[in-house]
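Undergrad: quick one: sequence and predicted model below, then my questions.
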Amino acid sequence: MNSHEREEKFRIDKWLWAARFFKTRSLAAEAVESGKVHLNSVRIKPAKQVMIGDTLNIRVGHYQYEIEVLGLSNRRGSATIAQQLYRETDQSRQQREIIAAQIKAQPQPFYTKGRPTKRARREIQRFKDKV
């Protein structure tokens, strides 16, 4: 390990971006600032340093991740490299799978754009006439 590596700081927002939890560093910093990321069960700021062995709780959308930091990086690499930076707990993985199944089971929202076409209006009228 050279002196440059020892001096390098591993900010939590850069690490979250490098580990591919967020698409941009600014999104990672925003998530940390808004309390969606906890380091060792404590709310933190984006400039907080992360170290190997730290536990992170990360909320991204509907999903909650509980991970242990295994590696440090400030550079964003491929997904396989990013996955080597952390280990997700089994309980966290199971919870995410349950939530994913619940979301998939929900009916998709019905969106319409603009007025119905002449054909669609006729179908609506036929449906109303049946009822």
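TA: Right, received. Where do you want to start?
Undergrad: what about the helices in this structure?
TA: Counting by DSSP state H, the chain has these helices, from start to end: 3-7, 12-18, 25-33, 79-83, 90-105, 118-130.
Undergrad: any chance of those in CSV, with distance to residue 44 too?
TA: To be clear about C-beta, it is placed using only N, CA and C from the backbone, and glycine gets the same treatment. Conversion of these to CSV gives the following (distance: least, Cβ to Cβ, whole Å):
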stretch, distance to residue 44
helix 3-7, 22
helix 12-18, 6
helix 25-33, 6
helix 79-83, 20
helix 90-105, 19
helix 118-130, 52
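Undergrad: who wins for proximity to residue 57 among the ones you listed?
TA: Ranking the helices of the chain by proximity to residue 57 (Cβ to Cβ) places helix 90-105 first, at 8.7 Å.
Undergrad: averaged pLDDT, that closest one. What do you get?
TA: Taken as a whole, helix 90-105 has a mean pLDDT of 92.
Undergrad: where does residue 72 land on pLDDT?
TA: 92.
Undergrad: tell me the contacts of it?
TA: With contacts defined as Cβ atoms under 8 Å, 6 or more residues apart in numbering, residue 72 is in contact with 10, 15, 50, 51, 52, 85.
Undergrad: re the thing from before, tell me the most buried of the helices of the chain?
TA: Neighbour counts (mean count of other Cβ atoms under 10 Å) averaged over each of those peak at helix 12-18, with a mean of 23.
Undergrad: in stretch 62-79, what counts as buried?
TA: Buried residues in stretch 62-79, counted by 16 or more other Cβ atoms under 10 Å: 65, 66, 67, 69, 71, 72, 73.
Undergrad: sorry, wrong one. I was asking about stretch 19-26.
TA: Those would be 19, 20, 21, 22, 25, for stretch 19-26 by 16+ other Cβ under 10 Å.
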